[in-house]
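# everything below, folded, please.
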Amino acid sequence: MSLAPLRKRRKEARMDATTPDARMAPHVAVAGPHAGIGFREFVAMVAAMMAMNALAIDTMLPALPQIGGSLGVTDENQRQWIVTAYLLGFGGANIFYGPISDRFGRRPILLGGMAFYALFSFGTSIAPTFESLLICRVLQGVAVAATRTVTVSVVRDCYGGRQMARVMSLAMMVFMIVPVMAPSIGQLLMLFMPWRGLFAALCLYGVVVVAWAALRLPETLHPEYRRPIAVATIAAGVRRALTERQAAGYMLTQAVLTGSLFGFINSIEQIFADAFHAPKLMPAVFASIASMMAFASLINSRIVERLGTRRVSHSALLGLIAIELVHLAIAMSGHETIRTFALCQAGAMFCFGLSMGNFGAMAMEPLADVAGTAASLQGFVVTAGGALVGFWIGQHFDGTTVPMTLGFALAGVAALGIVLVTEGGRLFRPRMGT
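Numbers count the residues shown, from 1 in each chain. This is a model prediction of the structure:
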């Protein structure tokens with residue numbers, strides 16, 4: 001399918017806008033000087049832009065000891081700031097990109113964000129001190145946040161209904177592969193270059209993707225759909241997102257569970273280096289664990305329409321808690337091994353993958369009329385809040401897997417409490433077709 005619609009289709013789309021079902025009609029892209037990008041290329045470009053974030057997090061994991069040693073970081077737990085600083089910048093910037101892309105268009109915001117991502121990746125590669133590296137990491141996260149919020153808006157501009165779902169499913173399948181492969185990619189690159197080369201590689205990747213988008217991606221926001229940046233309108237959307245019980249409840253649930261994931265990412269390198277004394281096994285085990293999230297997403301796409309989001313996600317949350325309580329008992333008893341760690345975390349990540357997508361859908365369900373502002377706010381709360389929770393978990397690392405597994409278990413219990421409050425004390429109960 002071409003992104004450049006015929007005049008007839010644009011005319012029909014405008015006519016359809018007068019019907020009661022206009023809001024459900026598929027969106028198509030505005031014709032532009034770079035029109036003609038095909039479906040496969042579009043999906044590949046969306047996946048490439050979304051992958052920037054995962055690459056900036058997970059390729060760093062094998063390099064954390066080298067970075068810390070090179071820049072004089074003596075406290076191993078302080079190295080976690082390399083991940084957390086990036087996540088805070090990424091999460092904090094999400095709240096701005098939705099409104100400004102509605103005002104100025106998708107293309108300039110995306111291209112600008114990716115260009116600055118490449119620039120600050122280069123800045124990180126030449127950072128002379130740990131403090132300057134952290135500053136560049138924050139700015140790198142701020143820049144690439146455009147690819148989270150605006151890329152989804154581009155897909156919504158161009159496709160609707162089942163075609164939009166198909167695009168996002170295909171892009172997410174590619175996106176899920178990146179966290180699985182990124183640590184191995186990082187370790188492979190470090191065979192040929194020092195840690196600074198990883199950031200230089202991110203810079204090169206950013207340059208390639210921004211050049212690709214500049215040459216091939218047209219502006220997708222219809223001129224008639226541009227909205228001024230009105231403080232009152234944005235404030236009303238934020239108020240809706242924070243006060244609507246289902247939206248706020250599942251937003252907080254996602255934030256807590258995301259914190260457990262970030263706690264895992266913050267701790268994984270130290271766990272394999274200090275607890276298991278097998279740092280070279282980390283990329284392979286990490287890949288096997290992370291692949292369970294991708295597998296869970298595939299399973300969820302097959303069963304959620306039949307079973308409903310609440311039945312699937314609530315069951316998965318209970319499963320995650322049960323697995324992590326067993327894992328915590330193993331860790332505290334002193335019987336933890338690489339095998340028990342991998343098996344328990346793989347099971348937990350499978351449950352995590354089954355629950356998070358459904359929680360996100362339920363958080364957005366009541367906010368269709370303020371979707372842009374709500375998506376920005378939820379992205380901010382989930383990512384920034386999760387980064388802080390994950391940093392707190394990571395800072396308790398004591399040479400064993402106990403702090404991480406305890407953090408995961410506590411996050412699961414807290415998430416269950418939030419869900420119970422949100423649902424009035426009842427689980428699994430379908431509502432409004434979910």
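# which helix or which strand is home to Gly237?
For Gly237, the host element (DSSP states H and E) is helix 231-243.
# for the stretch 201-350 of the chain, what spans make up the strands?
Assigned by DSSP state E, counting those that start in this stretch, the strands in the stretch 201-350 of the chain number zero.
# one step back: and the helix holding Gly237, which residues are buried?
Buried residues in helix 231-243, defined by neighbour count with 16 or more other Cβ atoms under 10 Å: 234, 237-238, 240-241. C-betas here are computed from N, CA, C, even on glycine.
# check stretch 285-295 too.
For stretch 285-295, using 16+ other Cβ under 10 Å, the buried residues are 285-287, 289-294.
# can you give me the mean pLDDT across that stretch?
For stretch 285-295, mean pLDDT is 84.
# and for Glu365, the neighbour number?
17 (other Cβ atoms under 10 Å).
# tell me how far it lies from Trp392.
According to Cβ to Cβ, to the nearest Å, Glu365 stands 30 Å off from Trp392.
# ditto for Asn266
With the distance defined as Cβ to Cβ, Asn266 ends up 9 Å from Trp392.
# in terms of neighbours, single out the busier of the two.
Each of Asn266 and Trp392 has its neighbours counted (other Cβ under 10 Å); Asn266 has more, 29 against 16.
# low-confidence stretches in the stretch 301-434 of the chain?
For the stretch 301-434 of the chain, applying pLDDT under 70 flags the ranges 368-372, 430-434.
# quick one, helices of it?
Along the stretch 301-434 of the chain, counting by DSSP state H, counting those that start in this stretch, helices occupy 309-333, 338-364, 371-394, 402-422.
# could you point out which of the ones you listed sits nearest Lys280?
Across the helices of the stretch 301-434 of the chain, Lys280 has its closest neighbour in helix 338-364 (11.7 Å, Cβ to Cβ).
# list the helices and strands the closest one packs on?
helix 245-270, helix 282-307, helix 309-333, helix 371-394 (3 or more Cβ pairs under 8 Å, 6 or more residues apart in numbering; DSSP states H and E).
# circling back to that earlier point, the inter-axis angle of the helix holding Gly237 versus helix 371-394?
Going by axes from the mean of the first three to the mean of the last three Cα atoms, to 10 degrees, helix 231-243 is angled at 50 degrees with respect to helix 371-394.
# contact partners of helix 231-243?
Helix 231-243 is contacted by residues 99, 227, 247-248, 251, 367, 370, 372-374, 377-378 when judged by Cβ atoms under 8 Å, 6 or more residues apart in numbering.
# what's the angle from it to helix 338-364?
Using the same axes, to 10 degrees: helix 231-243 against helix 338-364 is 130 degrees.
# and the angle for helix 231-243 with helix 245-270?
Using the same axes, to 10 degrees: helix 231-243 against helix 245-270 is 80 degrees.
# could I have the CA atoms of helix 231-243 written out in PDB?
In PDB, the C-alpha atoms belonging to helix 231-243 read as follows (Å, rounded to 0.1, in the frame of the first residue of the first chain):
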ATOM      1  CA  VAL A 231      -2.400  25.200  27.600                       C
ATOM      2  CA  ALA A 232      -6.100  24.800  28.600                       C
ATOM      3  CA  THR A 233      -6.700  22.000  26.200                       C
ATOM      4  CA  ILE A 234      -3.500  20.100  27.200                       C
ATOM      5  CA  ALA A 235      -4.300  20.600  30.900                       C
ATOM      6  CA  ALA A 236      -7.800  19.200  30.400                       C
ATOM      7  CA  GLY A 237      -6.400  16.100  28.700                       C
ATOM      8  CA  VAL A 238      -3.900  15.600  31.500                       C
ATOM      9  CA  ARG A 239      -6.600  16.000  34.100                       C
ATOM     10  CA  ARG A 240      -8.700  13.400  32.300                       C
ATOM     11  CA  ALA A 241      -5.800  11.000  32.200                       C
ATOM     12  CA  LEU A 242      -5.000  11.400  35.900                       C
ATOM     13  CA  THR A 243      -8.600  11.300  37.200                       C
END
